[in-house]
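[1] Fold the stuff below for me.
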Amino acid sequence: MAAEDAQLEISFGAKRTRPRRRKPARRRKGESHATRPPVSARIPQHVTLRVVPEVRQLRRRKQYQAIRRALHCSVGWSRWQGRFRICQISIQGNHLHLLVEADNRTALSRGMQGFTISCAKQINAVLGRRGSVFVDRYHARALTTPLEVRNALRYVLGNWRHHGWSDHLPGIPLDPFSSAATFGGWVNTPAAIPFEPGREYLMVWLPKTWLLETGWKRHGLLDPWETPGTPKLASRSHA
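    Model prediction:
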């Protein structure tokens, strides 16, 4: 009875508390953690990667070189070489835009995983920090028609105009923080990007899908002065 009395005394004397529940992690609107849809080797993908606020500004020389080294590593992966390809890239203030090709869903997932891990290590090294670099899973959108691919190319390579970064480099047609300099689909060959000494172009794959290599050209080549979100060629500010 003594033991039972003690147990009752503890039960009635202690304050009842509800079990603590972990708050759900914040997710950006529209980013689901459900199983990703199938990926076709014939369909390119527009991928967006966002960084945590602590990383702050990606459009700086050290961060550019860090991302370039990660791209170089992705080209040399022996297991996924040729099965996952980053074909275009642009670096914005707090996010990256990529146009990629992958043989299937696994190749896309593993390829992006390898790139983000390498990218995070390189960026943390130049910033002298530790911890997460990217906010959450990447967002991928399949580009199934020539017009969708052209619009995506226009958006990715011209995104610096959309965000106003081009205002800091008046008269420069191409974004120096992108793969625009090696892109072969411009209406006219733009003037060379003024690179600093020791700076090199971002390394990307040549596209292999018909949509990303040839099909999008049915709707016309790109004008380097176009701004995403405006009618075609309406934003041309230079002759």
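
[2] Give the buried residues for the host helix or strand of residue 211.
    Element membership for residue 211 (DSSP states H and E) is helix 210-213. By neighbour count on 16 or more other C-beta atoms under 10 Å, the buried set for helix 210-213 is 211, 212, 213. For every residue, glycine as well, the C-beta is placed using N, CA and C.

[3] go on, stretch 57-71?
    Quick answer for stretch 57-71 (16+ other C-beta under 10 Å): 58, 59, 63, 64, 66, 67, 68, 69, 70, 71.

[4] where in the chain is pLDDT low?
    1-36, 76-81, 189-199, 229-239 (pLDDT under 70).

[5] Go again with 80.
    1-37, 74-82, 136, 162-171, 189-199, 226-239 (pLDDT under 80).

[6] one step back: which among the buried residues of stretch 57-71 gets closest to residue 179?
    residue 71 (8.9 Å; C-beta to C-beta).

[7] can you redo the buried residues of helix 210-213 as CSV with distance to residue 220?
    As requested, the buried residues of helix 210-213 are exported to CSV (distance: C-beta to C-beta, whole Å):
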residue, distance to residue 220
211, 15
212, 16
213, 16
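
[8] ok, so of the residues you listed, who is nearest residue 85?
    When the buried residues of helix 210-213 are compared against residue 85 (criterion: C-beta to C-beta), the nearest one is residue 212, at 9.4 Å.

[9] Tell me who's in contact with the closest one.
    Counting by C-beta atoms under 8 Å, 6 or more residues apart in numbering, residue 212 makes contact with 44, 87, 99, 101, 143, 149.

[10] Is it correct that the first one is in contact with residue 85?
    No. The pair formed by residue 44 and residue 85 falls short of the contact definition of C-beta atoms under 8 Å, at 9.1 Å.

[11] shared neighbours, these two?
    Listed contacts common to residue 44 and residue 85 are 100, 101, 207; contacts here mean C-beta under 8 Å, 6+ apart.

[12] helices or strands up against the longest helix belonging to the chain?
    Of all segments of type helix in the chain, defined using DSSP state H, the longest is helix 105-127. Helix 105-127 sits against strand 45-50, helix 61-75, strand 84-91, strand 95-102, with contacts defined as 3 or more C-beta pairs under 8 Å, 6 or more residues apart in numbering; DSSP states H and E.

[13] Check the offset of it from the chain's centre.
    11 Å (C-alpha atoms, centre = their mean, to the nearest Å).

[14] Kindly report the same for stretch 165-185.
    17 Å.

[15] So between residue 44 and residue 85, which is more surrounded?
    Remark: of residue 44 and residue 85, residue 44 carries more neighbours, 31 against 24, as counted by other C-beta atoms under 10 Å.
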